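Undergrad: okay, here's the prediction I keep looking at, along with the sequence it came from:
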Protein chains: 4
Amino acid sequence: MNVSVVGATGYSGMELIRLLANHPSFTVSGVYSSSTAGSRLDAENKQLHGLTQLVLKEYNADEIADTSDLVFLALPSGIAKDLVPELYEKNVKIIDLSGDLRLKEHGEYEQWYKKPAAKAEYVQEAVYGLSEWNRPNIGKAKLLANPGCYPTATLLALAPLAEQGLIESSDVIVDAKSGISGAGKKSSNATHYAHANENLSIYKVHKHQHIPEIEQQLRHWNSSFEPIMFSTHLVPMTRGIMATIHAKVKKGVTSKEILDAFVQKYEKEPFVRLRGENDFPSTKEVYGTNFCDIGFRIDERTDRVTLVSVIDNLVKGAAGQAVHNANIMMGLKETEGLQLVPVFP
Amino acid sequence: MNVSVVGATGYSGMELIRLLANHPSFTVSGVYSSSTAGSRLDAENKQLHGLTQLVLKEYNADEIADTSDLVFLALPSGIAKDLVPELYEKNVKIIDLSGDLRLKEHGEYEQWYKKPAAKAEYVQEAVYGLSEWNRPNIGKAKLLANPGCYPTATLLALAPLAEQGLIESSDVIVDAKSGISGAGKKSSNATHYAHANENLSIYKVHKHQHIPEIEQQLRHWNSSFEPIMFSTHLVPMTRGIMATIHAKVKKGVTSKEILDAFVQKYEKEPFVRLRGENDFPSTKEVYGTNFCDIGFRIDERTDRVTLVSVIDNLVKGAAGQAVHNANIMMGLKETEGLQLVPVFP
Amino acid sequence: MNVSVVGATGYSGMELIRLLANHPSFTVSGVYSSSTAGSRLDAENKQLHGLTQLVLKEYNADEIADTSDLVFLALPSGIAKDLVPELYEKNVKIIDLSGDLRLKEHGEYEQWYKKPAAKAEYVQEAVYGLSEWNRPNIGKAKLLANPGCYPTATLLALAPLAEQGLIESSDVIVDAKSGISGAGKKSSNATHYAHANENLSIYKVHKHQHIPEIEQQLRHWNSSFEPIMFSTHLVPMTRGIMATIHAKVKKGVTSKEILDAFVQKYEKEPFVRLRGENDFPSTKEVYGTNFCDIGFRIDERTDRVTLVSVIDNLVKGAAGQAVHNANIMMGLKETEGLQLVPVFP
Amino acid sequence: MNVSVVGATGYSGMELIRLLANHPSFTVSGVYSSSTAGSRLDAENKQLHGLTQLVLKEYNADEIADTSDLVFLALPSGIAKDLVPELYEKNVKIIDLSGDLRLKEHGEYEQWYKKPAAKAEYVQEAVYGLSEWNRPNIGKAKLLANPGCYPTATLLALAPLAEQGLIESSDVIVDAKSGISGAGKKSSNATHYAHANENLSIYKVHKHQHIPEIEQQLRHWNSSFEPIMFSTHLVPMTRGIMATIHAKVKKGVTSKEILDAFVQKYEKEPFVRLRGENDFPSTKEVYGTNFCDIGFRIDERTDRVTLVSVIDNLVKGAAGQAVHNANIMMGLKETEGLQLVPVFP
């Protein structure tokens, strides 16, 4: 099967190329990038030197539809939305890695992204691709909204407890931390090495656009969920997200019940690794892979549970989950191209 | 005035040496280190090459008392407590940077530090040295317990709000992050560069020994305070602590009231820099200095306030606050030796 | 085919496990580690959580010979040499990743490693495994000495020019730089994060044990080679080696001749990527892979050529080259298990 | 005395502000920055929060001349040259931190900087400010060309040996490494954290504009000096330069003679710390200070000496040396404002 990647020189696009290079069923037939069209892909991204003959091209919907079974849109939010309608009509399956199609409630996208929203029909049509929680719909999807990096880490930890009602729905605090690749490839003051190195900062306090995405899903599992407190930090490392979640457990809920909820949901999942009670993962333990590792511990003094969920933001938080979803959409074995072992140390 | 440093080759000890080197009123008369006695201090710590002629010596209470007006104990917890009684009798002022004398409540030290506690009379005698909040007592102290790094960052942000009753006393979550120098100079798996670099981890979940220290102080300002949720992370950087605090504001409390509480308390303080509403500091902005920078923002959606407090863990979180306290104890100008500008970038 | 790994929890051993996990022809049948025998491998190395059921065992030559076609010895220098004789007699193929079997000249090992040498018969028997330059012998080897990390990077760049006589044999300066994983997993002052971070140091000046290994090979290709100047630096990063080589070109030698020498030797090589004239690789462009990337440029002002060669020290400089050699020794396709794309960024 | 800083928000400018903040004799009377004029300096550079009331202004030569005894030009190369003539006429002393006035030989600036050169009369008038080697002229200077960062590290190590003829003048190789702040504050692909972190690269191979500056000085001490081989690397750290120098010692020259040459020249120097034979400094040992630390060792096998020289590129390599020169120019004690202890770890 042939796939195309639009936005192939951004960080998510590069990571798609890395994963697809060893995918047994997908061949990358086209790579598109408006800013570098005409260059060889391996000239733009030297780490690929000699590994590909592909030449970057101007975006072309007809060509994509003619040559590809599926297209990955790895573009900044606000751009993908304009490409979707034409591609959709042309009958190529679409996985959009941006936030353009994730928020279903009218007005939320504009409020949080401060940009015009995609057309409502495509937003409604798009299947939310949190792989472990939406398989049946993903399998039938023609248009998929790949989850954000923070929502992936946060939701995979919260979902089993939210769904089974083990935590209070009114009192969830998520303190999230990300490596700097999460800010994207565009250079800026904040991503300058001399600024970011040996530095820890908080950003977009109470205003991060991933907040409504997380809340939308929580309400999906448990309609009583109230707004969460969600903060995001920039950590001096390239890859990795950790969501540290402080939730109030419902009266009488035990560690065993929490563990059981996780085991029941995830024990057969290939990419969620439950680390168990008081065994907490660190970000590097999933480096370069599609794993989400989860640990937890109840604090008897405060009746809160601390959940820790780690992912590689570029893999499980972007390109890896996209490939996972592509596998599901195409009826392939889910782990194809994703059997990676963390690069450690 | 002459001062001695016991434990001069650990990180806090080294930082004391750095700060005291340019102190206009203190001269370091003796440096003590059992493991490296006999070596020149600048041979052990090459960054000091040529800046000092001091030779490290075996600990000797008589010598310290004879030569020094004040002694800094920069030792691991569990060791300082055994040195204090003899020094105390010999009439030299003592600043203990360890946790040995901080917890006043019987049994708490053993419970959290898992070690035998110091003699109760010295624990009771020791003045808690959170400089901005305990000046009158510090000025009269003969024996001072210098605060821990996490408590310093956490308490300076929480104290004005706790004291004035602007936040709920039952619902404080502190998500704290520290650079790796906080783990001390002793090498281990966790501090190996290849393990810590590009890695973010959580540790001592719900069990950090700084928890009772923070709660003791909160109850001091507001006896109704309940246990806090406090978590600690290791961030791939050398220096810096950030405490991200998620507190429930009391009904009707406004940003202006919070700002006023901070201004009222800190506007004349030389080492607390209020950054104001929605102006959040990053750790590097206080690098190498005794500053604590604080920013905050209320989230109307959840009625919580996010407070961010940053310090250099080795300065304001250890050696710098110790020098500040020494200045107060000796009746000097408080900023002596501490007028440092952050090293940035 | 079954393989065993002795020293499975050191950095080279861990990297062998990572590579072998996806190897289509090799199965890891046994993992040995004296210090952690009895533990599950994935309990010692959390990044492997759930990916393996293997339990670490005490070293046992009989068991290894009974169960394995080939054994990797991933041990510190000075230990492997004592295991080799027994294993060799038991008829299992051996790849030794340490320096114990590399130096053929009597007395050199003792001089540079400051330890007793292996028995001469095994040293002589051992085939030097610089894959691209010794294939025929590697293919027949029963006992293989896997090259050191610095020699691999240095020799792959120098060999074509040395062999073809394009550079002066009396004037080679190698300024080499390594990430900190090169120092091994054992923690020490030098590898403490707070010491190594934001720090660049030189070490073992003129005394690095890889010097005689490099010179031995250079003399193998060109017996007139004189001692080289070789220096090693520790760079604040986890993985990666760069060898910057400053060699005097012979009178009249052109860039084209140098390029031709590289092309002729390497154009069919799967793991050497020639980057050409004035196109210099950086270490991250080979991160996590078995590639060696090489660039060069002649300086007309000094008649010197600057060669830059980069590898991932744990892959091409250790475990990856070992797997490559195992593939050759076992008659497999050389790229099996090694078709990795660099993790970038 | 009043001084002004033009380019106060670049890295060298920020470092000047840091150093001048604690200078006993200089007061910063004006800060100039075209891109941020109108902002408070401490709003642009948050680490200065509350430490200064200065407001950034548009460049104004009259104002500078009226208010300042000396002006620091901390601007990119190619800009300072246009400001110098007017300031020079107005009778304010000038220290230019750029490369615009360093190269005396006609045509060299254009060749290496690829830009139009400054007017010849100002180039000739400008005194080269390598403080330890040009004091008498610096003391009389009205216009000073502050040395480049690489030349400072390189020349301080080479000068005593070059001047005394202990090394061959035909065979000097300098392998230099710099932290990323050396690339300046402007953000780019190369300085993006995700690109620079865990990465080591070489750049401007044989073409670095500091090459002619170094050679000019070497010929000043020893007119027979031939072109040097000089390479520059970007190391994943913020601050620090290490120059590793591989020079051929003249026949019969001993370690003692080299040591003596260094001692004779530097033993009274406040900012050069001779570390002696086989005692090599690392970059962090001078972090944040004006020190240059030097170590060396002769390699008997190759008759070369390895010299290692480290500086903080923003201090001794820029702002610190500029303040040192300002002290000399103004007849102050040379160490004023520069008695800094390295921030370590």
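TA: Nice, thanks for sending it over.

Undergrad: A:Y11 against A:K185, yeah?
TA: Yes - with contact defined as C-beta atoms under 8 Å, A:Y11 reaches A:K185; the gap is 5.2 Å. Any C-beta I mention is one placed from the backbone N, CA and C, and that applies to glycine too.

Undergrad: who's more crowded, these two?
TA: When A:Y11 is set against A:K185 and neighbours are counted by other C-beta atoms under 10 Å in any protein chain shown, the residue ahead is A:Y11, at 24 against 19.

Undergrad: mind listing what the more buried one touches?
TA: For A:Y11, the contacting residues are A:181, A:184-185, A:314, A:318, C:345, D:194, by C-beta atoms under 8 Å, 6 or more residues apart in numbering or on different chains.

Undergrad: how much space between it and C:N22?
TA: Relative to C:N22, A:Y11 is positioned 24 Å away (criterion: C-beta to C-beta, to the nearest Å).

Undergrad: that older thread, please enumerate the shared neighbours of A:Y11 and A:K185.
TA: Shared contacts of A:Y11 and A:K185, counting by C-beta under 8 Å, 6+ apart, come down to D:A194.

Undergrad: show me what the longest strand seen in chain A is packed up against.
TA: When secondary structure is assigned using DSSP state E, the longest strand within chain A turns out to be strand A:167-178. Packing partners of strand A:167-178 (3 or more C-beta pairs under 8 Å, 6 or more residues apart in numbering or on different chains; DSSP states H and E): helix A:149-163, helix A:211-221, strand A:229-234, strand A:241-249, strand B:167-178, strand B:241-249.

Undergrad: stretch A:60-72: end-to-end distance?
TA: Between the start and the finish of stretch A:60-72 there is a gap of 13 Å, counting by C-alpha to C-alpha, to the nearest Å.

Undergrad: I figured A:K316 hits A:G288, correct?
TA: No - applying C-beta under 8 Å, one finds A:K316 not in contact with A:G288, separated by 10.5 Å.

Undergrad: neighbour count for those two, which is higher?
TA: The residue with the greater number of neighbours, taking A:K316 and A:G288 and applying other C-beta under 10 Å, is A:K316; the counts read 29 against 25.

Undergrad: what sits against the more buried one?
TA: A:152-153, A:271, A:286, A:289-292.

Undergrad: can you check A:G182 too?
TA: A:G182 makes contact with A:149, A:234, A:241, A:313, A:317, according to C-beta under 8 Å, 6+ apart.

Undergrad: quick one, phi psi at the closest residue to A:Y88 other than its chain neighbours?
TA: Counting by C-beta to C-beta, 6 or more residues apart in numbering or on different chains, A:Y88 lies nearest to A:L143, which is 6.0 Å off, once chain neighbours are set aside. In terms of degrees, to the nearest 10, the main-chain angles of A:L143 are phi -130, psi 120.

Undergrad: how much space separates A:L143 from A:I79?
TA: 16 Å.

Undergrad: mean confidence score for stretch A:38-53?
TA: Per-region confidence: stretch A:38-53 scores 97 on mean pLDDT.

Undergrad: ok, back up a step: let's have the contacts of A:G182 in TSV, adding pLDDT and distance to D:L97.
TA: Rendered in TSV, the data for the contacts of A:G182 read as follows (pLDDT from 0 to 100; distance: C-beta to C-beta, whole Å):
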residue	pLDDT	distance to D:L97
A:C149	98	41
A:L234	98	31
A:I241	98	40
A:N313	98	39
A:G317	98	43
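
Undergrad: next, format these as CSV and append distance to D:N222.
TA: Supplementary listing: the contacts of A:G182 in CSV, determined by distance: C-beta to C-beta, whole Å:
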residue, distance to D:N222
A:C149, 59
A:L234, 50
A:I241, 57
A:N313, 55
A:G317, 59
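
Undergrad: mind checking which of the residues you listed are buried?
TA: Buried subset of the contacts of A:G182 (neighbour count, 16 or more other C-beta atoms under 10 Å in any protein chain shown): A:149, A:234, A:241, A:313, A:317.

Undergrad: beta partners for the second one?
TA: Going back to what we said before, that points to A:L234. Legend: beta-bridge partners of A:L234 under DSSP bridges are A:S178, A:S201.

Undergrad: OK, contacts around the residue of the stretch 1-150 of chain A found nearest chain C?
TA: Scanning the stretch 1-150 of chain A for the residue nearest chain C gives A:Q47, at 3.9 Å (criterion: C-beta to the nearest C-beta). The neighbours of A:Q47, taking C-beta under 8 Å, 6+ apart as the test, are C:284-287, C:341-342, C:344.

Undergrad: quick one: it is in a helix?
TA: Yes - if the criterion is DSSP: H, G, I helix; E, B strand; the rest coil, then A:Q47 is within a helix.
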